[in-house]
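Engineer: Sequence first, then the predicted structure:
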Amino acid sequence: MKLGTRGCGLLLHPTSLPGPHGVGDLGAPTRKFVETLAACGQSWWQMLPVAPPGGCRSPYNAVSAFAGSPLLLSLDALVEEGFLSRADAQAPDFPADRVDFAAAEGFKLPRLLKAHENFSARASSAAKAELESFCAEQREWLEDYALFSALRQAHGGAPWTTWDEGLRARRPAALANARKGLDEPIRFHRFVQFQFARQWDALRRLCAEKGVGLIGDIPIFVAHDSADVWANPGLFWLDKKGLRLKVAGVPPDYFSKTGQLWGNPLYRWDAMRKDGYKWWVERLRSAFGRFDAVRLDHFIGFHNYWEIPADSPTAERGRWVLGPGAALFERARKVLGELPLIAEDLGVVTEEVKSLRDRCGFPGLKVLLMAFGTDPEADSYKPYSYPRRSVVYTGTHDNDTVAGWFNDAGSASSTRTADEVRGEHAAVLRYLGTDGRDIHWDMIRLALSSVADTAIIPVQDVLGLGSEARMNLPGTASGNWGWRMSPGALDGAPGTRLSEMTETFGRRPVR
């Protein structure tokens, strides 16, 4: 499946899948979900970033832009390979509807350690050679990540800016001593990434067999406390101690009254330009190795970004600064060839941003939940405005669910007043010609019937779930990312109705 072909798919992060080990993973529930997608005529599975989540468990604040999350590893797959016993994978009763990240990590990490020990003791020479080959192929990012992760553990999770000066400043002698002293933990982190790659490759093969493309997600920024920033301090706005000087965010907008203070260190684009944007090119190469297409988060930031002083308590105080523009993507296209990217162009979308998106040939986003209110781009989110080269969503991971949005009277966390909410609801009912009793299916129908090449529907909307199933509330630091789908939730009526709509609106692929 390629972008530009009429099709549709579902948005679901793998952690939201059901399963016995406290968090969705790359095991049997993943395979069942892919089979369900194919049976319902879906062309795409879109997910959030699959990197190891950092602060607040956010996949958009990962400790590596290249690594895969250890939480996504399937313990059952390690049992099948003989590196864990069935007893090892017997889990306590985890919550079925939410991810308790700390509990899931506390259960899985010791078992991954045991799997590594068993692999080291009894894996075949061919398996060990495969591991060595993987480490050699991925050396450019893997060695820094493995060392960073081992050091982070050795320091009790303390940020790298608090480590001894030799380690913080990456002095060769200090790094050499660390590698010698932490040899076993470093080997463990290499093993985990090796297993992630193997399990991911199995997922890719299944998706290809079923005709389902994978859409990934690249956050524009990376976490300050990450292997990327520690290993490449000259590419970020940091002082001599590694502390942030300028940080990322967005000014007040549809999602937040005070803007969003993300806190990620900003790039020194001038330094990146000097080496041909090598770090970014390799990041894109890595993403295209996992996914058939990739959503490029906060595309606006490549044209201009909101620069906030590091000591600012909110995102309200800042200034717009020009980004790298088309030069980055021209360089990436020269090195990598085709760039199957989707531009997440929500926010302050100027004509210059649109021009950059169109010059690069990337489809933009159209979000129906933002089409009927006061957003400056509201009219462009209504289907009568869509170009074919676009991706329409009922909502994204940052929005409430359709049902939650429609039943919200204007909460304290909302950027909308009660009057604006009433006006928005009246506008959507007039547009749809409906009474709203089946609002989630009304909006799904609107998305699928549009001319946009690609339509993506969050699973929560197919299931008609309310705000309790919301994935993220921008501007908040806790309570996010934890929703989980019930086993078999898409079986029966929801899957049947989705399949029928997919067929009706010409989005079922020819397989």
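Structural biologist: In hand now; what should we look at?

Engineer: Name the helix or strand for A455, please.
Structural biologist: strand 454-458 (DSSP states H and E).

Engineer: Show me what that strand pairs with in its sheet, parallel or antiparallel.
Structural biologist: Strand 454-458 pairs in its sheet with strand 7-11 (parallel), strand 390-393 (parallel), by DSSP bridges.

Engineer: For these, please prepare TSV with the additional fields distance to V34 and mean neighbour count.
Structural biologist: In this view, the C-beta of every residue, glycine as well, is placed from N, C-alpha and C. TSV is the format used below for the strands paired with strand 454-458 (distance: least, C-beta to C-beta, whole Å; neighbours: other C-beta atoms under 10 Å):
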stretch	distance to V34	mean neighbour count
strand 7-11	11	25
strand 390-393	20	26
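
Engineer: any idea how far the lengthiest helix in the chain is from the chain center?
Structural biologist: Longest helix of the chain, by residue count under DSSP state H: helix 183-210. Centroid separation for helix 183-210 versus its chain: 18 Å, with C-alpha atoms, centre = their mean, to the nearest Å.

Engineer: now do stretch 466-481
Structural biologist: 15 Å.

Engineer: So for that stretch, what gets flagged as buried?
Structural biologist: Buried residues in stretch 466-481, counted by 16 or more other C-beta atoms under 10 Å: G466, A469, R470, M471, N472, L473, P474, G475, N480, W481.

Engineer: Give me the contact list for that stretch.
Structural biologist: Residues from elsewhere that reach stretch 466-481 (C-beta atoms under 8 Å, 6 or more residues apart in numbering): 13, 15-16, 48, 53, 56-59, 99, 101, 255-256, 258-261, 397-401, 403-404, 407-408, 413, 458, 460, 463, 483.

Engineer: among these, which are in helices?
Structural biologist: If you go by DSSP H, those have F101, A403, G404, N407, Q460 in helices.

Engineer: Dump these to CSV, plus distance to P92 and pLDDT.
Structural biologist: Formatted as CSV, these follow (distance: C-beta to C-beta, whole Å; pLDDT from 0 to 100):
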residue, distance to P92, pLDDT
F101, 15, 95
A403, 32, 97
G404, 31, 96
N407, 35, 93
Q460, 27, 98
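
Engineer: List just the nearest of those to A293.
Structural biologist: Q460 (21.7 Å; C-beta to C-beta).

Engineer: how about low-confidence regions in the protein?
Structural biologist: Confidence mapping of the chain against pLDDT under 70 gives the ranges 254-255, 411-415, 511.

Engineer: quick one, strands of this structure?
Structural biologist: For the chain, applying DSSP state E gives strands covering 7-11, 44-46, 213-218, 246-250, 260-265, 293-296, 304-309, 319-322, 341-343, 364-367, 390-393, 454-458.

Engineer: ok, and which of the ones you listed has the densest surroundings?
Structural biologist: Highest mean neighbour count among the strands of the chain (mean count of other C-beta atoms under 10 Å): strand 454-458, with a mean of 28.

Engineer: what comes into contact with it?
Structural biologist: Against strand 454-458 from outside (C-beta under 8 Å, 6+ apart): 3, 6-12, 43-44, 46, 215, 363, 390-397, 401, 444, 447-448, 471, 498, 507.

Engineer: Could you export the strands paired with strand 454-458 to TSV, including columns for distance to F148?
Structural biologist: Below are the strands paired with strand 454-458 laid out as TSV (distance: least, C-beta to C-beta, whole Å):
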stretch	distance to F148
strand 7-11	30
strand 390-393	34
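
Engineer: Neighbour-wise, which one of the ones in helices among the contacts of stretch 466-481 leads?
Structural biologist: The most crowded member of the ones in helices among the contacts of stretch 466-481, judged by other C-beta atoms under 10 Å, is Q460 (30 neighbours).

Engineer: you'd agree that residue is up against W483?
Structural biologist: Yes - assessed by C-beta atoms under 8 Å, Q460 is found in contact with W483 at 7.2 Å.

Engineer: Before I go, just wanted to say thanks for your time.
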